[in-house]
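Enquirer: need a structure here:
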Amino acid sequence: MDDDREDIEAEESIPPWERPGCFRRDCEPHRGNLLASLACAGLTLGCLALYPLYGLVFGLLGIPVSLCNRYLAKADLAKMQAGRMNPYGEGVTASAKNMSTLGLAFSIAGTVVWGGLLLLSWWTQCRLLRKLW
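Expert: Numbering: from 1, shown residues only. Predicted structure coming up:
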């Protein structure tokens with residue numbers, strides 16, 4: 001009889017949010033859906049950065065969007081691991097971080113390629129103009 005009473009007392013001493021599968025009700029809500037939307041925007045800009053006509057513009061727009069989203073997702077995942085944010089959005093937030101990384105890679109690649117071609121074109125035109133003068 002005393003063992004049952006000790007088990008109940010030991011169980012009551014554990015706060016409800018520290019029990020398996022539970023979390024604090026006063027923690028921040030997750031921003032997984034917002035981060036997923038921003039990740040889609042960054043990935044779209046990254047894919048458009050590979051397009052020849054306006055790739056440089058889309059690449060320059062996609063880099064800050066993807067960087068900010070990646071930073072926010074990383075911070076949210078750290079808060080979820082520490083128990084300060086609702087952990088139910090962990091999967092969506094992790095996929096948003098991965099999509100932001102991919103969008104960032106595409107944006108950087110598009111910016112480097114089309115920016116390099118633009119600089120090369122400008123440099124060859126300057127050389128041709130110097131020869132003509």
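
Enquirer: helices or strands up against the helix or strand containing A41?
Expert: In this assignment (DSSP states H and E), A41 forms part of helix 32-49. In this structure, helix 32-49 packs against helix 55-82, helix 90-132, with contacts taken as 3 or more Cβ pairs under 8 Å, 6 or more residues apart in numbering; DSSP states H and E. For the C-beta atoms, the positions are set from N, CA and C on the backbone; glycine is no exception.

Enquirer: center of this structure - which residue?
Expert: In the chain, the centroid-proximal residue (Cα atoms, centre = their mean) is R70; its distance is 2.5 Å.

Enquirer: got a list of what that one touches?
Expert: Taking Cβ atoms under 8 Å, 6 or more residues apart in numbering as the criterion, R70 is in contact with K97, S100, T101, L104.

Enquirer: which of those sits closest to C47?
Expert: Checking the contacts of R70 against C47 by Cβ to Cβ gives L104 as the nearest, at 12.0 Å.

Enquirer: before we move on, the earlier item: so which of the contacts of R70 wins on neighbours?
Expert: Using other Cβ atoms under 10 Å as the neighbour criterion, S100 leads the contacts of R70 with 30 neighbours.

Enquirer: what is the mean pLDDT for the helix holding A41?
Expert: Mean per-residue pLDDT for helix 32-49: 95.

Enquirer: now that helix: buried residues?
Expert: Using 16 or more other Cβ atoms under 10 Å as the test for burial, helix 32-49 gives 32, 34-36, 38-39, 41-43, 45-49.
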